[in-house]
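Visitor: Could you work out the structure for the sequence below:
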Amino acid sequence: MNATDDVQLMPIRNVCVFCASSSKAPAEYMEAARALGEILAGEGWGVVYGAGGAGLMGRLADGALSAGGRVYGVIPGFMVEMEWGRQDLSEVEVVDSMHRRKARMLERSDAVVALPGGCGTLEELLEAITWKRLGLFSGPILLVNIGGFYDPLIEQLVRAVKQRLMNDRHRDIWRAVTHPREVPEALRTFPPWPADARHFAAM
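Guide: Below is the predicted model of the structure:
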C-alpha cells in the first residue's frame, strides 16, 4: 500500500497488548510477554492491557514496570470483585462491561500487538481487525507469531480474502513477526491505513 497525501503515519504513544491470562501457558510465551513489556517501555511507549496479574498479562506488566514503563490497565468491575486485577499499575480504569473494556483499550492506544492467547485474546484481536476494516481504528495491528501460534488464524483471514468475503486491501490490516524484538521496527514501518477505509469495507 502506498501512502497518500491524506494518510500520515501517526506517532506511537501507547500500545495495546492482547494476551493470555493463563498461568499454565508455555514458558516461551511467558518469556516473550515479559520481553515485550521491557521492549515497549524501552521505546518510551505506554502499555495498555487488561489489568490482569496472572499469565502472560502479568508477565507483560512485570516487564514494562521493571523497565520504568507506564502501564495502563482497563478492567471490568466484576473482575475487580473476583480479585483478578492488578493494583500496582500506573493507572487502572474500571469499566462496566467487557464491551467497554475493549473499546477503551483501543481508544487509548495508537497500535495493537497480540501475543498468544485463548478465546478472549482472539476475540479482542478480531474486534480490533474489524474496527480497522470499518475505519474506526487506523493504527498498526501486529501479531507476535511465536512458534507459528497465529498461522491458522492468518490462513483463515487470507482464505476470507481469497473467497471475496474481504477486500484484497484488507490484507494490509495486520502484519506478523516471530519475536518481540521485531515489534518496534514493525510498528514504525507499518503501512498507513487509508482514511477512506470505510468505503471499501463492504464487498
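Visitor: Lowest-scoring secondary structure element of this structure by mean pLDDT?
Guide: Using mean pLDDT, DSSP states H and E, the weakest-scoring helix or strand in the chain turns out to be helix 77-81, at a mean of 94.
Visitor: for that one, which positions count as buried?
Guide: In terms of neighbour count (16 or more other C-beta atoms under 10 Å), helix 77-81 has its buried residues at Met79. C-betas here are computed from N, CA, C, even on glycine.
Visitor: Pull the distance from that helix to the chain's centre.
Guide: Centroid separation for helix 77-81 versus its chain: 22 Å, with C-alpha atoms, centre = their mean, to the nearest Å.
Visitor: neighbouring strands for the next helix or strand after it, and are they parallel or not?
Guide: Per DSSP states H and E, the first helix or strand lying C-terminal to helix 77-81 is strand 91-95. Sheet pairing for strand 91-95, assigned by DSSP bridges, gives strand 71-76 (parallel).
Visitor: which residues sit against the strand it pairs with?
Guide: With contacts defined as C-beta atoms under 8 Å, 6 or more residues apart in numbering, strand 71-76 is touched by 14, 37, 46-52, 61, 64-65, 84-86, 89-98, 100-101, 104-105, 108.
Visitor: Using PyMOL, make a named selection holding only the buried ones among those residues.
Guide: Command for PyMOL, covering only those of the contacts of strand 71-76 found buried under the criterion 16+ other C-beta under 10 Å:
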select buried, resi 14+37+46+47+48+49+50+51+52+61+64+65+84+85+86+89+92+93+95+98+101+104+105+108
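Visitor: Which helix or strand contains Val112?
Guide: Val112 belongs to strand 111-114 when assigned by DSSP H and E.
Visitor: ugh, wrong one, I meant Glu127
Guide: helix 119-133.
Visitor: what sits up against that helix?
Guide: 16, 18-21, 102, 105-106, 112, 114-115, 137-139, 141, 143, 153, 157, 166, 170, 173-174, 193, 197, 201.
Visitor: Show only the entries of the residues you listed found in helices.
Guide: When DSSP state H is applied, the contacts of helix 119-133 are split such that Lys102, Met105, Leu106, Leu153, Leu157 fall in helices.
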